[in-house]
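*Asks:* Output the structure for:
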Amino acid sequence: MKLKLLILSDLWGFDNSPWIKNYKELLKPDFQLIFYDSCELAGIDKTDLTEKELHSQFINGRINNAVNKLLQLENEEVNVLAFSIGGTIAWKAALKGLKINKLYAVSSTRLRYEIKRPDCYIQLIFGEKDQFIPEHIWFKKLNLESEIIKNENHEIYKKEYIVQSLCNRIKTHYNNMLN
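*Replies:* Numbers count the residues shown, from 1 in each chain. Down below sits the predicted model:
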């Protein structure tokens with residue numbers, strides 16, 4: 001039986017996000033993949049919304065909607081790969097009881113507001129040029145490490161070399177669990 005891996009989208013969801021197929025192709029042979037569109041979890045109709053409007057809806061209560069919906073949908077232990085706002089949703093869901101074994105969060109800059117960490121393995125990845133990376137003191141307070149990718153911005157998760165590297169890392173962790 002394949003290990004379950006939830007994949008939570010960024011702010012835009014999976015519509016018009018061709019980059020997600022690269023993750024799917026690399027991870028599908030090893031994992032039971034479950035895709036969650038963050039906008040759908042939050043109950044946001046993203047039709048004709050600007051990035052600012054989408055972001056505003058998430059931070060004005062819709063993150064909590066998404067967390068509660070995810071908790072309704074998942075009641076077994078899972079592993080999570082999440083992008084941007086999806087990482088915040090997964091983190092908060094873990095704090096509210098979602099059993100996460102491993103959480104891989106890429107460009108989840110809203111985590112900088114969190115004051116408590118979930119009790120699971122956490123791997124955080126940010127682009128060096130992302131202006132909203134949590135400050136060093138935040139990582140230290142929560143006893144977290146992160147990987148900062150030089151010369152990259154917020155949308156690093158769309159780059160092919162990041163896709164390859166991250167998928168290989170996830171597969172390695174999975175194989176180590178089996179041994």
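*Asks:* residue boundaries of the helices in this protein?
*Replies:* 20-27, 38-42, 51-57, 63-73, 85-95, 136-141, 160-178 (DSSP state H).
*Asks:* how about those helices, which one is nearest residue 8?
*Replies:* Ranking these by proximity to residue 8 (CB to CB) places helix 85-95 first, at 3.0 Å. All C-beta spots, glycine's among them, are computed from the backbone N, C-alpha and C.
*Asks:* Just the buried positions in that closest one, please.
*Replies:* By neighbour count with 16 or more other CB atoms under 10 Å, helix 85-95 contains the buried residues 85, 86, 87, 88, 89, 90, 91, 92, 93, 94.
*Asks:* go on, stretch 152-168?
*Replies:* Going by neighbour count (16+ other CB under 10 Å), the buried part of stretch 152-168 is 152, 154, 155, 156, 157, 158, 159, 162, 163, 166, 167.
*Asks:* Please give the number of neighbouring residues around the residue lying closest to residue 152 once chain neighbours are set aside.
*Replies:* In this structure, residue 152 finds its nearest non-sequential neighbour in residue 127, 3.3 Å apart by CB to CB, 6 or more residues apart in numbering. As a burial measure, residue 127 scores 22 neighbours (other CB atoms under 10 Å).
*Asks:* Name whatever forms a beta bridge with residue 127.
*Replies:* Note on residue 127: beta-bridge partners by DSSP bridges are residue 149.
*Asks:* Please apply the same query to residue 5.
*Replies:* Under the criterion used (DSSP bridges), residue 5 bridges to residue 33, residue 79.
*Asks:* quick one: contacts for the spatially most central residue of the chain?
*Replies:* In the chain, the residue lying closest to the centroid (CA atoms, centre = their mean) is residue 82, at 1.6 Å. Residue 82 makes contact with 6, 7, 8, 89, 90, 103, 104, 105, 106, 108, according to CB atoms under 8 Å, 6 or more residues apart in numbering.
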